[in-house]
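Undergrad: got a sequence here, can you model it:
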Amino acid sequence: MADIALRFGKDMLVVSSPAEGALRRAGLTSARDQALALMVEPETIEEAYRLEAVAGPQCFTTATGAFTPARLVALGMEGKGEALAEAALAVLAEANPQHTLVVIEPCGLPLDPSSKSSLVENRDQYARAAQLFDGATFDAFLLDGFTTTDDLKCALMGIRKVSDAPIVASVDVQGDGMLASGRGTWREAVEVMAEFGAAVAGFSTLAPVAEAATLALQARDALAEAGANLCLMATLQVFERDAKQQGPTAENPYYSPDTMMEAALRLRASGVQFLRAAGQATPAYTGVLAAAVAGLDVAAD
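TA: Residues are numbered from 1 along each chain as shown. As a prediction, this is how the structure comes out:
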C-alpha cells in the first residue's frame, strides 16, 4: 500500500463516501446493525465498496467509526473493539484501495473543558480506539463528524499518545464559519488541528460551493498565520437527491451528482486537495468528483 504522506500537497485525491449511506439503502438503518454487518454480513459492505470502487476514489474509509470504548458500549459491542477493527480493515482490503483511512468518530461522552479528569477521560477514549490498530496496515486516521474544538483537541491528543500515523481531521461547519454545535469557529478548529498534530485540516458542510470555497480560503489564512503546512479536505453534504429539482438551492445545493463538477474545480482553486461527498451521496457523486480532478495536481498558490 502506498504511503499517503508522499502525496500530501501534490495530486488531487478523492475520498469515498461514507458506507453508512449505502448500508441504509440496503436496509441496515441503525449504527449497531451497520457495525455488526462487518462481522456477520461482510458481503453487504463489500458490495457497497465495489460500487464506490467503480467511481474511482483513491482513498477509502472504514465502514464504521465507532471504535472508542464509549461508542462500543452504546452499540452493545463492549469488548469487541479488536474484532471490529480487524473486520473493518479486512472488508475494506477487498476493495484494493490505494489508501485506507481509519475513521474515528466522536466518543459521545460529556466533556467539561474546565475539568482535567474529564479531559483525560475523553482523551483516553481516542487513545484506546487508535490502539486497536497498532500494527495494522492503513494510511491515516480520519477524525470525522467533530463539532467542538474541545472534543477535537482530545481526539488529536489521544491518537498522538499512541500513534504517529497521519491524522486527517474534519469538523462540521456552517457556511458562516461557525461549527455545527455553535461552540467555536472553523478558524479555531484549524488552529487546534495545526497545534495538535493533524496532517490534513478538513471541513464538512451543507453550505453552497461559494461558501465552501471561502471556508477553504479562511483555513489557508489561518494556517499561514500559524506557520503550519497542512493539506485541506472538503466534504460536501448531500441533503437530498431530488430528480425534480431544477437547480441548486441554499437548502439543497448538491441535489444531483452534476453539481460536484463545479464544486470540485472551485474547491481545488481554493487550495483543497482532498474531496468527498457525504450525506445522501451515491457513488455517482464520488465518480463526478474523481472525473473532475483526474490527473490534476493541487492548485499552486
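
Undergrad: Ala83 against Val40, yeah?
TA: No: counting by C-beta atoms under 8 Å, Ala83 does not reach Val40; the two are 10.9 Å apart. Every C-beta, even on glycine, is put in place using the N, C-alpha and C of the backbone.

Undergrad: the two: which is more packed in?
TA: Relative neighbour count places Ala83 above the other of Ala83 and Val40, with 13 against 9, counting by other C-beta atoms under 10 Å.

Undergrad: from Leu75, how far out is the more buried one?
TA: 13 Å (C-beta to C-beta, to the nearest Å).

Undergrad: same question for Val288.
TA: Taking C-beta to C-beta, one finds Val288 at 33 Å from Leu75.

Undergrad: compare the two and say which is more crowded by neighbours.
TA: Val288 (22 against 19).

Undergrad: with adjacent residues omitted, what lies nearest to that one?
TA: Met260 (3.9 Å; C-beta to C-beta, 6 or more residues apart in numbering).

Undergrad: mind listing what Lys161 touches?
TA: Counting by C-beta atoms under 8 Å, 6 or more residues apart in numbering, Lys161 makes contact with 123, 127.

Undergrad: hmm, 7 Å instead?
TA: Counting by C-beta atoms under 7 Å, 6 or more residues apart in numbering, Lys161 touches Ala127.

Undergrad: relative to Val200, how far out is it?
TA: 19 Å.

Undergrad: in the helix or strand containing Ala189, which residues are buried?
TA: Using DSSP states H and E, Ala189 sits in helix 186-195. Across helix 186-195, burial judged by 16 or more other C-beta atoms under 10 Å covers 186-194.

Undergrad: now the helices for the stretch 101-250 of the chain?
TA: Secondary structure of the stretch 101-250 of the chain (DSSP state H, counting those that start in this stretch): helices located at 116-131, 149-162, 186-195, 209-226.

Undergrad: distance to Phe239 and mean pLDDT added to those, as CSV?
TA: Formatted as CSV, the helices of the stretch 101-250 of the chain follow (distance: least, C-beta to C-beta, whole Å; pLDDT from 0 to 100):
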stretch, distance to Phe239, mean pLDDT
helix 116-131, 29, 97
helix 149-162, 24, 98
helix 186-195, 19, 98
helix 209-226, 14, 96
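
Undergrad: let's have those in TSV, adding distance to Ala26.
TA: Formatted as TSV, the helices of the stretch 101-250 of the chain follow (distance: least, C-beta to C-beta, whole Å):
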stretch	distance to Ala26
helix 116-131	26
helix 149-162	29
helix 186-195	33
helix 209-226	29
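
Undergrad: ok, which of these comes nearest Arg25?
TA: Ranking those by proximity to Arg25 (C-beta to C-beta) places helix 209-226 first, at 25.3 Å.

Undergrad: list the helices and strands the closest one packs on?
TA: helix 186-195, strand 200-205, strand 231-238, helix 259-269 (3 or more C-beta pairs under 7 Å, 6 or more residues apart in numbering; DSSP states H and E).

Undergrad: parallel or antiparallel, list what pairs with the very next helix or strand once past the last one.
TA: Remark: after helix 259-269, the chain's next helix or strand is strand 274-279, criterion DSSP H and E. Strands that pair with strand 274-279, judged by DSSP bridges, come out as strand 13-15 (parallel), strand 231-238 (parallel).

Undergrad: dump strand 274-279 to CSV, restricted to CA.
TA: This file holds the C-alpha atoms of strand 274-279, laid out as CSV (Å, rounded to 0.1, in the frame of the first residue of the first chain):
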residue,chain,number,x,y,z
PHE,A,274,-9.0,16.0,-0.6
LEU,A,275,-12.6,16.0,-1.9
ARG,A,276,-15.5,13.9,-0.6
ALA,A,277,-19.3,13.8,-0.9
ALA,A,278,-21.3,12.5,2.1
GLY,A,279,-24.8,12.5,3.5
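
Undergrad: now do that strand, average pLDDT.
TA: Averaged across strand 274-279, pLDDT comes to 97.

Undergrad: swap in stretch 229-246?
TA: 88.
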